[in-house]
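Asks: Okay, predicted coordinates and the sequence, questions at the end:
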Amino acid sequence: MSRDATPGLGVRLLSGDLGALARAATLVENGDPVGRVVVENIHPRTGRAHVVGVTGPPGAGKSTLIDALIGELRGRGHRVGVILIDPSSPISGGAVLGDRIRMGQWDRDNHVFIRSMAARGHAGGLAPTTAALIHLFDAAGFDPILVETVGVGQGEIEVAHLAQTTLLLQVPGLGDGVQAIKAGILEVGDIVAVNKADLPGAEELVHDLTMMVTADTDPDGWSAPILLTNATAGEGVRELVDRLEAHRRYLDITGAGRRRKEIAARFEVFGLLRQELEQESPLHLLQKDQIDRWRGAISDVVERKRTPGAAVALLLGQAAPSPS
Amino acid sequence: MAENQGSPPARPVRVLIAKPGLDGHDRGAKVMARALRDAGFEVIYTGLFQTPEMIAAAALQEDVDVVGLSILSGAHMVLFPRIIDALRARGIDDVLIVAGGTIPDDDIQPLLDLGVAAVFGPGTSLGEAARFIRDHAPVRHDVP
């Protein structure tokens, strides 16, 4: 059967057709109007999946750890979606996407879906359409969805806006204890894994990080655990998944989950708004009388009463897009 | 959202580069991946020791336009039909399949008959390969 066959992509995607998911992702990435309509149509059926951001410096072992996480999550019965982001060349626009090289063993498992994304000029660790791809994966029944950022330095923290749980990888040997008290990426980890636990300095790094993070409990009582992992050997992976599940429960039980979803919705709506604004002459958005409308739109997106695209249309005073 | 009028943005062509079988190194495949990157392609690189199933799963999930197979071991007449079968079994019948590596001249026509669009042997210029891929990547029509 051709992947281009009718019925439409959205219907096929919702029924779990993985070819349709893949094609929809391509169309969304390309800004194709067909992709946009698919996202509008499936958005009301999303918002359930646990989105886990996996971030850290280049070479920290993010892909290898994700491969190990897939194994543990499959063992616990989860259907796992993975989005892997690598940088695009600023010169040619091309990219070599090489993260799935570490994840070759899932080819016969229909409950694992792995997709590579080029950042396409976007700074911040994600690609411009990562949020929309997450919705597609969610609609196709993948939960959790692991999002691996490009290798990050100290400032690319976008994934923390989009994910409900951010897993930050650190490795020994990148600097002394002062690195641990600098602002930026370290503050966004809900869970910190010190990977390559077999390398010298790993225990020391855990100690340094623990001193930093225990001072830093969020209003609902979560304090980021610091774990030692050795992804290649699979060590620490079971405990790491325990902590991911614990964080998900914490989000569900406290008000933190709703707050995270509002941050994610705001991030996505604002991203779309920015794209719209960049195409028009500058508008004086968010004047005082618009702020209530803005907050209402964000709530509507969280509650699936309105799609992010429809919220943008509302804020810009345009007609809402009609589901086809 | 308001429809932006005008032509859709130029879409990057996505290429899977895979090394089926037991080749001992992947220098050629990496050189090709990099050349295609520099020509503006998005290249998904999956590394050595790929089985037909692994190649087909990656091609489906990544929704590639092109599958580039690099092989040095001499097993192409055995592996390529299996790869093409695995792709078709997953409903992938519209990708451009190209091959490179060390493939004897006598095997080229049988591979073309199987559905391989081009065989780039040693000495093919990188620009020539990139041009062929750009000119022959499939055009697709989808409904939402």
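Replies: Sure, I can see it.

Asks: isn't residue B:129 right up against residue B:119?
Replies: No - taking contacts as CB atoms under 8 Å, residue B:129 lies outside contact range of residue B:119: 10.5 Å. Bear in mind the C-beta positions are built from the backbone N, C-alpha and C, glycine included.

Asks: shared neighbours of these two, which are they?
Replies: Here residue B:129 and residue B:119 have B:98, B:100 as joint contacts, going by CB atoms under 8 Å, 6 or more residues apart in numbering or on different chains.

Asks: pLDDT on the longest helix belonging to chain A, on average?
Replies: For chain A, the helix that runs over the most residues, judged by DSSP state H, is helix A:256-279. Mean pLDDT, computed over helix A:256-279, is 88.

Asks: How far off centre is that helix?
Replies: 13 Å (CA atoms, centre = their mean, to the nearest Å).

Asks: now stretch A:130-145
Replies: Worked out by CA atoms, centre = their mean, stretch A:130-145 lies 9 Å from the chain centre.

Asks: residue boundaries of the strands in chain B?
Replies: B:14-18, B:42-45, B:66-71, B:96-101, B:118-120 (DSSP state E).

Asks: Packing partners of the shortest one?
Replies: What it means is strand B:118-120. Counting contacts by 3 or more CB pairs under 8 Å, 6 or more residues apart in numbering or on different chains; DSSP states H and E, strand B:118-120 packs against strand B:96-101, helix B:105-114, helix B:126-136.

Asks: ok, residues contacting that strand?
Replies: Counting by CB under 8 Å, 6+ apart, B:98, B:99, B:100, B:103, B:108, B:111, B:112, B:128, B:129, B:132, B:136 sit against strand B:118-120.

Asks: Next: the first one.
Replies: Around strand B:14-18, the neighbours that count as contacts under CB under 8 Å, 6+ apart are A:26, B:29, B:32-33, B:36, B:41-46, B:50, B:54-55, B:58-59, B:62-70, B:133.

Asks: and what of the second one?
Replies: Outside strand B:42-45, the residues that touch it by CB under 8 Å, 6+ apart are A:88, A:94-98, A:100-101, A:116, A:118, B:12-17, B:29-30, B:33, B:36-37, B:58, B:62, B:64.

Asks: just the third one next, same as before
Replies: Contact with strand B:66-71 is made by B:13-21, B:23, B:26, B:28-29, B:32, B:55, B:59, B:76, B:79-80, B:83, B:87, B:95-103, B:116, B:133, B:137, as judged by CB under 8 Å, 6+ apart.

Asks: Give the PyMOL command for selecting the buried subset of those residues.
Replies: Burial among these is assessed by 16 or more other CB atoms under 10 Å in any protein chain shown; the matching PyMOL selection reads:
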select buried, chain B and resi 13+14+15+16+17+18+19+20+21+23+26+28+29+32+55+59+76+79+80+83+87+95+96+97+98+99+100+101+103+116+133+137
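
Asks: who wins for proximity to residue A:273 among the strands of chain B?
Replies: strand B:42-45 (26.7 Å; CB to CB).

Asks: Touching, residue A:113 and residue A:83? I think so.
Replies: No - using CB under 8 Å, residue A:113 is not in contact with residue A:83; the gap is 9.3 Å.

Asks: Identify the contacts common to the two.
Replies: The contact lists of residue A:113 and residue A:83 share residue A:137, where a contact means CB under 8 Å, 6+ apart.

Asks: and the angle for the helix or strand harbouring residue A:248 with helix A:256-279?
Replies: Taking DSSP states H and E as the criterion, residue A:248 maps to helix A:237-253. Per axes from the mean of the first three to the mean of the last three CA atoms, to 10 degrees, the angle that helix A:237-253 makes with helix A:256-279 is 90 degrees.

Asks: which stretches of the stretch 51-200 of chain A form strands?
Replies: Here the stretch 51-200 of chain A has its strands, by DSSP state E, counting those that start in this stretch, at A:51-55, A:80-86, A:95-97, A:112-118, A:145-148, A:165-170, A:191-194.

Asks: Using CSV, write out the CA atom coordinates for the helix holding residue A:248.
Replies: What follows is helix A:237-253, C-alpha atoms only, in CSV (Å, rounded to 0.1, in the frame of the first residue of the first chain):
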residue,chain,number,x,y,z
VAL,A,237,18.9,3.0,34.3
ARG,A,238,16.2,1.3,36.4
GLU,A,239,16.5,3.8,39.2
LEU,A,240,16.4,6.6,36.6
VAL,A,241,13.1,5.4,35.2
ASP,A,242,11.8,5.1,38.8
ARG,A,243,12.6,8.7,39.2
LEU,A,244,11.0,9.7,35.9
GLU,A,245,7.8,7.9,37.0
ALA,A,246,8.0,9.6,40.5
HIS,A,247,8.3,13.0,38.8
ARG,A,248,5.3,12.3,36.7
ARG,A,249,3.3,11.3,39.8
TYR,A,250,4.5,14.4,41.5
LEU,A,251,3.3,16.5,38.6
ASP,A,252,-0.1,14.8,38.6
ILE,A,253,-0.6,15.1,42.4
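
Asks: residues of that helix that come out buried?
Replies: For helix A:237-253, a neighbour-count test (16+ other CB under 10 Å) marks A:237, A:240, A:241, A:243, A:244, A:245, A:247, A:248, A:250, A:251 as buried.

Asks: picking up where we left off before, give me the contact list for the longest helix of chain A.
Replies: Residues outside helix A:256-279 that contact it (CB under 8 Å, 6+ apart) are A:47, A:51, A:128, A:131-132, A:158, A:161-164, A:218-220, A:222, A:250-251, A:283, A:285, A:297-299, A:301-302, A:308-309, A:311-312, A:315-316, B:1-2, B:4.

Asks: Quick one: buried ones out of these?
Replies: A:47, A:51, A:128, A:131-132, A:158, A:161-164, A:222, A:250-251, A:297-298, A:301-302, A:308-309, A:311-312, A:315, B:1.

Asks: any weak-confidence spans in chain B?
Replies: B:1-10 (pLDDT under 70).

Asks: Of all the residues in stretch B:31-46, which ones are buried?
Replies: Residues B:32-46 are the ones in stretch B:31-46 that count as buried (16+ other CB under 10 Å).

Asks: my bad, stretch B:135-144
Replies: B:137, B:140, B:142, B:144.

Asks: Give the burial count for residue 124, as a bare number.
Replies: In the absence of a named chain, this looks at chain A. 18 (other CB atoms under 10 Å in any protein chain shown).

Asks: Wait, chain B was what I had in mind.
Replies: By other CB under 10 Å, neighbour count at residue B:124 equals 14.

Asks: quick one: it and residue B:99 touch, right?
Replies: No - using CB under 8 Å, residue B:124 makes no contact with residue B:99, being 10.8 Å away.

Asks: Who are the packing partners of the worst-scoring helix or strand of chain A on mean pLDDT?
Replies: Lowest mean confidence among the helices and strands of chain A (mean pLDDT, DSSP states H and E): helix A:288-302, at a mean of 81. Other elements packing on helix A:288-302 under the criterion 3+ CB pairs under 8 Å, 6+ apart are helix A:256-279, helix A:308-315.
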